[in-house]
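Undergrad: Following is a predicted model, sequence given first.
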Amino acid sequence: MGLLSSSARAQANRASAYDFDDSHFHLTNYVQEGIDVHQYLKIMGSRVGRSTLFGIPLQQEWSYENSGKEAPAYYLDSDAPLYYYSFTDAYIAMQYRSLTKSEQARFDPMITGFNPADMYAADHVRRVLETFPGVFEGIGEFSIHKEFVSSKIAGGPASLADPALDRLLDFAAEVGMPAIFHCDVNRPFAKQGARPIFIDQARDLFARHPKNTIIWAHTGLGRVVQPVEGHLAMVESMIADPAFKNLYFDISWDEVAKYAVASPEAVEKTAAFLNKYPDRFLFGTDTVAPRDPNSYYAVYDMWKPVFDRLDKEAKAKILKGNYERIFDQARKNVRAWERTHVPPRATSAAETQLNGRGPR
């Protein structure tokens with residue numbers, strides 16, 4: 001075996017030193033406010049190797065008739081509707097382009113500013129790739145069924161059976177972009193013991209799109225959508241099905257962590273399950289514009305009782321390896337598609353600087 005180059009050794013040393021890659025991170029919130037990507041880079045420090053980078057595709061409307069001078073900062077702060085805010089993708093692209101090349105290598109930006117119930121959603125993704133070549137690698141997080149959110153969206157909720165969603169995923173498969181997909185497996189406060197309401201439609205969707213890499217956020221859980229009886233068995237049935245070999249699950253969000261660490265029995269059961277299927281799970285924080293390191297790392301710390309019970313190989317895959325395998329391939333796929341489909345154009349001096357190739 002040949003000796004590693006100095007750069008390869010340095011990369012290997014960094015990989016062994018950091019704690020995790022973040023598969024689920026929002027730079028901005030429901031009113032499109034947040035932190036600068038350079039602030040986030042400081043929070044990541046040497047503890048996080050790489051991170052996805054996306055905003056939130058929905059904007060909470062500030063309706064004076066509804067809340068007066070009290071500006072809502074969250075979707076539960078107002079009865080006014082939510083609407084899709086496509087500019088989020090341009091904002092993420094410009095944040096990414098403000099980084100140096102070495103800093104950019106630590107981020108995997110995602111396109112999320114589309115309405116998955118719109119047949120033009122796939123066209124939006126194409127236009128973003130054409131406008132910002134060299135930036136994006138996947139789509140999402142986007143939501144289909146989401147407690148208290150879906151019913152507030154202007155124009156109505158999305159559906160797992162909508163041809164617009166099929167068209168979107170077909171294009172993502174053509175480009176080779178992974179999709180981070182939020183869909184509650186059940187309705188809030190559903191009766192325990194009953195079959196989850198959306199599971200059959202979700203399975204049908206995954207079966208229709210075997211060429212897609214889909215990451216099901218939070219394993220289908222939500223803020224009040226609790227694990228149904230046999231939740232792990234439901235997830236296991238999909239992992240065991242060869243038709244869903246490209247389906248992955250992220251264990252992001254403190255609302256998910258609370259179930260995994262609710263009792264010693266829950267910790268043992270969750271750890272045993274992850275040890276059994278380490279190739280199919282990714283860890284993410286699902287933090288939204290964190291104010292400081294403490295608020296950012298709180299989710300990782302919540303999972304510690306489970307992570308401490310993982311074997312070395314499983315822990316490495318769930319915290320780092322699966323992320324890097326999926327997103328390394330996505331980078332190659334999307335850049336290859338862009339070389340074929342996006343015509344070269346002259347780059348202005350301003351763009352050169354934003355791309356990290358000029359003085360800052």
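TA: On my side now, so go ahead. Residues are numbered from 1 along each chain as shown.
Undergrad: so how far is the first residue of stretch 177-184 from its last?
TA: End-to-end distance of stretch 177-184 (CA to CA, to the nearest Å): 22 Å.
Undergrad: Could I have the CA atoms of stretch 57-70 written out in CSV?
TA: What follows is stretch 57-70, C-alpha atoms only, in CSV (Å, rounded to 0.1, in the frame of the first residue of the first chain):
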residue,chain,number,x,y,z
PRO,A,57,-38.9,27.5,2.1
LEU,A,58,-41.9,29.0,3.9
GLN,A,59,-42.4,32.6,5.0
GLN,A,60,-44.8,33.5,7.8
GLU,A,61,-46.9,36.4,6.7
TRP,A,62,-47.1,39.4,9.0
SER,A,63,-50.7,40.3,8.8
TYR,A,64,-51.4,43.6,10.6
GLU,A,65,-55.1,42.6,10.9
ASN,A,66,-54.1,39.4,12.7
SER,A,67,-51.2,40.4,15.0
GLY,A,68,-51.0,44.2,14.7
LYS,A,69,-47.6,45.6,15.5
GLU,A,70,-46.5,42.2,17.0
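Undergrad: In it, which residues are buried?
TA: 57, 58, 59, 60, 61, 62, 67 (16 or more other CB atoms under 10 Å). Where C-beta positions appear, they are placed from N, C-alpha and C, glycine not excepted.
Undergrad: go on, stretch 250-259?
TA: 250, 251, 252, 253, 254, 255, 256, 257.
Undergrad: Residues in contact with that stretch: which ones?
TA: 23-24, 180, 215-219, 221-223, 226-227, 260, 266, 274, 281-286, 298-299, 302-303, 318 (CB atoms under 8 Å, 6 or more residues apart in numbering).
Undergrad: PyMOL command to pick out the buried ones of those residues?
TA: Buried residues among these (16+ other CB under 10 Å), as a PyMOL selection:
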select buried, resi 23+24+180+215+216+217+218+219+221+222+223+226+227+260+266+274+281+282+283+284+285+286+299+302+303+318
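Undergrad: Of the contacts of stretch 250-259, which belong to strands?
TA: 180, 215, 216, 281, 282 (DSSP state E).
Undergrad: Name the nearest residue to residue 245, ignoring sequence neighbours.
TA: In space, and not counting its chain neighbours, residue 245 is closest to residue 210: 7.9 Å by CB to CB, 6 or more residues apart in numbering.
Undergrad: hang on, the earlier thing: which members of the buried residues of stretch 57-70 occur in strands, if any?
TA: Going by DSSP E, the strands hold 58, 59, 60 from those.
Undergrad: Quick check: the spatially closest residue to the last one that is not a sequence neighbour vs residue 325, distance?
TA: Nearest residue to residue 60, sequence neighbours excluded (CB to CB, 6+ apart): residue 30, at 4.7 Å. Using CB to CB, to the nearest Å, one obtains 32 Å as the distance from residue 30 to residue 325.
Undergrad: who has more neighbours, these two?
TA: More neighbours surround residue 30 than the other of residue 30 and residue 325, with 23 against 13 (other CB atoms under 10 Å).
Undergrad: The more buried one reaches residue 74, doesn't it?
TA: Yes: contact criterion CB atoms under 8 Å: residue 30 and residue 74 qualify, at 5.6 Å.
Undergrad: list the residues that contact both of these two?
TA: residue 60.
Undergrad: So which residues of the stretch 101-250 of the chain form helices?
TA: 101-104, 121-131, 163-175, 199-208, 231-239 (DSSP state H, counting those that start in this stretch).
Undergrad: JSON lines please, covering the ones you listed and showing mean pLDDT and distance to residue 40.
TA: What follows is the helices of the stretch 101-250 of the chain, written out as JSON lines (pLDDT from 0 to 100; distance: least, CB to CB, whole Å):
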{"stretch": "helix 101-104", "mean pLDDT": "98", "distance to residue 40": "11"}
{"stretch": "helix 121-131", "mean pLDDT": "98", "distance to residue 40": "21"}
{"stretch": "helix 163-175", "mean pLDDT": "98", "distance to residue 40": "25"}
{"stretch": "helix 199-208", "mean pLDDT": "97", "distance to residue 40": "31"}
{"stretch": "helix 231-239", "mean pLDDT": "95", "distance to residue 40": "30"}
